[in-house]
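>>> The sequence and its predicted three-dimensional model are supplied below.
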Amino acid sequence: MENLRLNNDDFFRLVLDKLFLTYPYLEINPNPIGHGGMKTVYQAFDKNLKRNLVIKVIKFTSDDGEKRTKREIDILKLLSSRYFPVILDTQIIKIGQQEIFIILESFVTGKTLREFNKSGLAFEEAVIIGKELLEALALVHQKKLVHRDVKPENIMITENGELVLLDFGIARDLTDDSITSDLAIFGPMTIGYAAPEQVANKKKLISERTDLFSWAVVLYELLTSANPIVQGEISKERILQKTLKFSPDSVDFNNIPEDLKYVIKKNLSPAVHKRSGSALEILDFLKRKGY
């Protein structure tokens, strides 16, 4: 039984049996609502508190995976705000000789920003989401953290219309060493949203401004339904090269108001020092301009 793979039905039954014993107050749906890589996600209902939550079952396949998961937990415990999921409990259970990491997390109902923006957004709605994302990032940056993976798939819009920023799996603590090697060709990232310094894995340049580059990409997408870097390109290699050589002068800003054009273009700068100093600085600018 110890050698069963994660996708084996028998293995999952053993995991579920352990979960039922560990959390007798939960009604757990045995059908996963998500699965990918090391992680399988179940939905559950807390009978005592009368609320839904999610259970993340993680089988580590590397030391890096374990470090990333524990780092994400530590980060979310630091960030107490409506803009982030809430960690309710963590446990380690054993299936044979295999240690399985369990995370109980608040259940965020809604749509990813990618899904939410599928039919396009009204201008005012796009600006509101852009500002809420800045507020979330400001809280992250106040803790000396950089998210490093700001993209529509990692942003949820709840049924109440609130923004929740997800997935701190590759977040970086600016006061700590990074998990990834300095010798890696590329840093951890999502192409099309990653800043040039991420693509080039220039760790010394990674800062709050790295997230502001990604924020500018997201806001441009919300306003135009187009990615300013990808621009219809489908080759990952060419998108990476375009990012390394990117210039905001190549972007079409037609139909974007001048003040928003200015702040988006500024934060799409490949030169880190030319971007805004902080998320709060952008929020202050937008407020002064009537947004």
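Structure's in. What do you need?

>>> May I see the domains of the chain written out as residue ranges?
9-106, 110-288 (automatic domain parsing).

>>> In CSV: these, plus mean neighbour count.
For the C-beta atoms, the positions are set from N, CA and C on the backbone; glycine is no exception. Shown next, in CSV, are those (neighbours: other C-beta atoms under 10 Å):
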stretch, mean neighbour count
domain 9-106, 15
domain 110-288, 18
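
>>> Those: lowest mean pLDDT?
Among the domains of the chain, domain 9-106 carries the lowest mean pLDDT, a mean of 86.

>>> Are we agreed that residue 65 is in a strand?
No: assignment of residue 65 by DSSP: H, G, I helix; E, B strand; the rest coil gives helix, placing it outside any strand.

>>> And it, how far from residue 169?
Residue 65 sits 9 Å away from residue 169, going by C-beta to C-beta, to the nearest Å.

>>> ok, now residue 229?
Taking C-beta to C-beta, one finds residue 229 at 22 Å from residue 169.

>>> Other residues contacting the longest helix along the chain?
Secondary structure of the chain per DSSP state H: the longest helix is helix 123-142. By C-beta atoms under 8 Å, 6 or more residues apart in numbering, the list of residues contacting helix 123-142 from outside reads 79, 81, 83-84, 113, 121, 146-147, 150, 155, 157, 162-163, 165, 171, 208, 211-212, 215, 218-219, 222-223, 260, 278-280, 282-283, 286, 291.

>>> C-terminal to it, what's the next element?
On the C-terminal side of helix 123-142, the nearest following helix or strand under DSSP states H and E is strand 145-146.

>>> Touching that next one from outside, list them.
75, 78, 140, 168, 171-174, 206-208, 210-211.

>>> In terms of distance to residue 38, which of these ranks first?
Using C-beta to C-beta, residue 168 comes nearest to residue 38 of the contacts of strand 145-146, at 15.5 Å.

>>> The closest one contacts residue 74, correct?
No: at 9.1 Å, residue 168 and residue 74 do not qualify as touching, with contact defined as C-beta atoms under 8 Å.

>>> Which neighbours do those two have in common?
With C-beta under 8 Å, 6+ apart, residue 168 and residue 74 have no common neighbours.

>>> Which residue comes closest to residue 58 once chain neighbours are left out?
residue 101 (4.2 Å; C-beta to C-beta, 6 or more residues apart in numbering).

>>> who touches that neighbour in this structure?
Residues counted as contacts of residue 101 (C-beta under 8 Å, 6+ apart) are 56-60, 66, 69, 90-92.

>>> Save the residues you listed as a markdown table, and put in distance to residue 41 and secondary structure too.
Formatted as a markdown table, these follow (distance: C-beta to C-beta, whole Å; DSSP: H, G, I helix; E, B strand; the rest coil):
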| residue | distance to residue 41 | secondary structure |
| --- | --- | --- |
| 56 | 5 | strand |
| 57 | 7 | strand |
| 58 | 10 | strand |
| 59 | 13 | strand |
| 60 | 16 | coil |
| 66 | 18 | helix |
| 69 | 13 | helix |
| 90 | 15 | strand |
| 91 | 15 | strand |
| 92 | 17 | strand |
